[in-house]
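K.L.:
make a model of this:
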Amino acid sequence: MVRLLLSIAAMALCLISCRSESKPIENTNASEIQIDSIVKFITLDFEMDGRPSKAVINLKYKNFGNKKAFPLSLFITINTVDKDSIGFPTNKEDTLFHQLEDEILAKLTPSGNYCYVGTTTIYGYRDILFFIKPKDKIKSEKILKTIQKKNSRIQSITFDNDPEWESVAEFYEAIKI
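P.N.:
Residues are numbered from 1 along each chain as shown. Model (predicted):
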């Protein structure tokens, strides 16, 4: 049920990631979305390379005490083909992204323990952000490569050792709840 709600929440939100130089994330334009009493996401506006960007972050992991059990970051980068003047996806593109995101969530989450952190939307691409256990890397890579073969929008699938979750730390630091 929670996975279904996560998927629905993701479809209702703008998304993608932050791996290059950026300005600090500010919480001035944050909005909270409650899916149910357990799952909440917050939208953060920030700049990446001088352009507006958004992150939709799962509040469940704000003070997560078990990060070391999920030390691998998994970023799935999705190209935005149809974009508006600021590089954000058009409505049609947004629908296609959410369908792909739903497929990824549906196939990954039953196969292992994943921390679905959220998404970012940056000029021309989006990232779906997870943290996983090392034992799930090969299995998830196989699943994602199969999906990637059917969908050319998937630009990259990146695993990095990040036991302190530093790649998403600025997002969680920006959340003042």
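K.L.:
gap between the spatially most central residue of the chain and L59?
P.N.:
Centrality entry for the chain: nearest residue to the mean C-alpha point is T119, 2.4 Å, by C-alpha atoms, centre = their mean. Distance of T119 to L59, given as C-beta to C-beta, to the nearest Å: 14 Å. The C-beta positions use only the backbone N, C-alpha and C, and glycine is treated the same way.
K.L.:
from what I can see K68 touches W165, true?
P.N.:
No - applying C-beta atoms under 8 Å, one finds K68 not in contact with W165, separated by 9.4 Å.
K.L.:
before we move on, the earlier item: which strand or helix spans the residue nearest to the centre of the chain?
P.N.:
Following DSSP states H and E, one finds T119 within strand 114-122.
K.L.:
run through who's touching the following helix or strand past that strand.
P.N.:
Sequence-wise, the next helix or strand downstream of strand 114-122 (DSSP H and E) is strand 125-132. Around strand 125-132, the neighbours that count as contacts under C-beta atoms under 8 Å, 6 or more residues apart in numbering are 15-19, 61, 67, 70-80, 89, 97, 101, 104, 108, 112-120, 140, 155, 159, 162, 165, 167-168.
K.L.:
out of those, which sit inside helices?
P.N.:
Among the contacts of strand 125-132, the members falling in helices (DSSP state H) are 97, 101, 104, 108, 140, 167-168.
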